[in-house]
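K.L.:
Quick one: sequence and predicted model below, then my questions.
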Amino acid sequence: MIEGSTGMQTARKLRYGMVGGGKGAFIGDVHRRAIALDGLAELVAGSFSQNYDNTLETGANLGLSRDRLYATWAEMAEKEAARPDGIDFVSIVTPNALHYPVAKVFLNAGISVVCDKPLTFEEAEARELGELAKKKGLLFGVTYTYTGYPAVKQAREMVQRGDIGEIRFVNAEYPQEWLATPSEREGSKQASWRTNPALAGKSNCVGDIGSHVENMVSYVTGLKIKALCARLDTFIEGRPLDDNATIMVEYEGGAKGLYWASQIAIGYDNGLRFRIFGTKGTLQWSQENPNYLVVSKLGEPTRVLSRGRDAFYPHAQSYSRIPSGHPEGYFEAFANIYKTYISALAKIKVGDKPSPEELDFPTAEDGALGVRFINKCVESSKKGAVWVEF
């Protein structure tokens, strides 16, 4: 159980709605399944598609009442805000272009928001959403999923406690092969919108997976980027956005970093990983083998910490769900993000103040930093892969 969330045993189940995630979409179903793992919130409303028939079909398949299936997200925000049993939060799982306008409408209606990443196209828009949520006393979460893994939280606490000393260098990568061919021209709905600037924004590869690299490194290390130098490549002829990126990073305080994100790396499925090199030791973690954290200390044998078997620090341990040897993966990491967010929102709704540990989920501030990272990478690359201040 997540620390500090025991009160959820007696609190009512929260109600949520979803924008996006209709028939034919991928990520919306992932969000729904992840939320359902802990039973803390119930899906009661939706505007799942711009095609109302799709929304009706999706809602019917999910067992939702027809009067809470909306033709537009604006109608959904207005009508749910007016209901005595209206939704407590909305989950936004649309293509990137709709994140900002949808989130703004729901915040203005007094409804808390969880939004997929990247949060917006422009940093000013992301910060506007964060300020609006704060002004209205609402909770805003961003689903940078991979920070939900217990081993990632253990790595973060080891860095905070000084277990590997002062960080010198960070190497992080995220290779995939799924866009190694022009699949956007071969009927792939996901590839079609992600490679379309009108829907995806200024970047495909950095926006889609490079932003996970930035967020992961920021979360685990606490390092702040001072400057970066990025080269964004497009290897598939006719593709308007990048499908590969190499990024050098300088952090405040003197540490250096090198990031690589690629969607044309044949042989790689979903290879997010990091290596953090400090003055006393090194930490290594891979998303495709997420239950294990490799720890190397100067002058000591390398150890592999196993989630569920080896003792993690208490906060990280609290996110572990099942015994050792039973793999916890993507759905559980997603569920950990949502469980923390929902538990914090439940406390706020009864007038309690969540502790910092109970707010351990990605926020609008994290979303804004991700947008800045994407835009700075694009700026650097367009100027000829030059260093730009962050």
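P.N.:
Looks like it came in fine. Numbers count the residues shown, from 1 in each chain.
K.L.:
Start from the N-terminal end of the stretch 251-390 of the chain and give the strands.
P.N.:
Assigned by DSSP state E, counting those that start in this stretch, the strands in the stretch 251-390 of the chain fall at 256-262, 273-278, 281-286, 292-297, 303-306, 387-389.
K.L.:
The longest one: how far from the chain's middle?
P.N.:
Going by Cα atoms, centre = their mean, to the nearest Å, the spacing between the C-alpha centre of strand 256-262 and its chain's C-alpha centre is 18 Å.
K.L.:
same question, the fifth one
P.N.:
Strand 303-306 has its C-alpha centroid displaced from the chain centroid by 25 Å (Cα atoms, centre = their mean).
K.L.:
Which neighbouring elements make contact with that strand?
P.N.:
strand 292-297 (3 or more Cβ pairs under 8 Å, 6 or more residues apart in numbering; DSSP states H and E). C-beta coordinates here come from the backbone N, C-alpha and C atoms, glycine included.
K.L.:
Tell me the strands beside the strand it packs on, with direction?
P.N.:
In the sheet, strand 292-297 lines up against strand 281-286 (antiparallel), strand 303-306 (antiparallel) (DSSP bridges).
K.L.:
Using CSV, please lay out those together with mean pLDDT, mean neighbour count and distance to T58.
P.N.:
Below are the strands paired with strand 292-297 laid out as CSV (pLDDT from 0 to 100; neighbours: other Cβ atoms under 10 Å; distance: least, Cβ to Cβ, whole Å):
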stretch, mean pLDDT, mean neighbour count, distance to T58
strand 281-286, 98, 21, 34
strand 303-306, 98, 15, 39
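K.L.:
Identify whichever of those lies nearest to Q317.
P.N.:
With Cβ to Cβ, the closest approach to Q317 among these belongs to strand 303-306: 11.0 Å.
K.L.:
And the contacts of the closest one?
P.N.:
Strand 303-306 has contacts (Cβ atoms under 8 Å, 6 or more residues apart in numbering) with A151, Q154, N291, Y292, L293, V294, V295, S296, K297, F312, S324.
K.L.:
Let's have these in a markdown table, adding neighbour count and distance to I264.
P.N.:
As requested, the contacts of strand 303-306 are exported to a markdown table (neighbours: other Cβ atoms under 10 Å; distance: Cβ to Cβ, whole Å):
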| residue | neighbour count | distance to I264 |
| --- | --- | --- |
| A151 | 26 | 28 |
| Q154 | 27 | 32 |
| N291 | 21 | 29 |
| Y292 | 15 | 28 |
| L293 | 26 | 29 |
| V294 | 17 | 27 |
| V295 | 20 | 32 |
| S296 | 17 | 31 |
| K297 | 15 | 37 |
| F312 | 23 | 36 |
| S324 | 12 | 36 |
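K.L.:
Just the pLDDT at R83, thanks.
P.N.:
On the pLDDT scale, R83 is placed at 98.
K.L.:
can you tell me how far it sits from V114?
P.N.:
Separation of R83 from V114 (Cβ to Cβ, to the nearest Å): 19 Å.
K.L.:
Between those two, point out the one with more neighbours.
P.N.:
V114 (26 against 13; other Cβ atoms under 10 Å).
K.L.:
Does that one fall in a helix, a strand, or a coil region?
P.N.:
Under the three-state scheme (DSSP: H, G, I helix; E, B strand; the rest coil), V114 adopts strand.
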